[in-house]
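# sequence first, predicted coordinates after that:
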Amino acid sequence: MNHVNEAQLYQLKAKHGVPAPLQSCHTALVDGYVIEGHVPADLIRRLVKEKQNVIGLAVPGMPIGSPGMEGPKAEPYDIFVIERNGRSRIYARR
């Protein structure tokens, strides 16, 4: 596992096509996909299994109830797929 500092993280996000509105606190590369923010593991596995031609998945912000952000009352949140054309769409809702 490689770690990068904050300045390198913004470069990594840009290099891999994560649009500014979808950027979050964590960025990972998994089987050629960018995973941005607190994305549930089951959705990462689903994306890898489906082998979609997309950049990756993103959960902008830090919604309560997302993985690692558990709390007394979960908020509904959207998981976005980042398309290769720079657009995004909702991939799942939790």
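Looks like it came in fine.
# how about the helices in the protein?
Across the chain, reading from the start of the chain, the helices by DSSP state H fall at 6-15, 41-50.
# in TSV, list those helices along with mean neighbour count, distance to residue 71 and mean pLDDT.
No exception for glycine: its C-beta is placed from N, CA and C like everyone else's. Formatted as TSV, the entries for the helices of the chain read as follows, by neighbours: other C-beta atoms under 10 Å; distance: least, C-beta to C-beta, whole Å; pLDDT from 0 to 100:
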stretch	mean neighbour count	distance to residue 71	mean pLDDT
helix 6-15	12	25	83
helix 41-50	14	19	98
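# I'd like the ones you listed as TSV, with distance to residue 66 appended.
Shown next, in TSV, are the helices of the chain (distance: least, C-beta to C-beta, whole Å):
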stretch	distance to residue 66
helix 6-15	18
helix 41-50	11
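# quick one: which of those is nearest residue 57?
In terms of C-beta to C-beta, the element of those nearest to residue 57 is helix 41-50, at 5.9 Å.
# show me what that closest one is packed up against.
Of the remaining helices and strands, those touching helix 41-50 by 3 or more C-beta pairs under 8 Å, 6 or more residues apart in numbering; DSSP states H and E are strand 33-37, strand 56-59, strand 88-93.
# buried deepest among the ones you listed, which one?
Of all these, strand 56-59 has the most neighbours on average by mean count of other C-beta atoms under 10 Å, namely a mean of 27.
# pLDDT (mean, whole number) over it?
Strand 56-59 comes out with an average pLDDT of 98.
# give the contact list for residue 57.
For residue 57, the contacting residues are 33-36, 39, 43-44, 47, 79-82, 91, by C-beta atoms under 8 Å, 6 or more residues apart in numbering.
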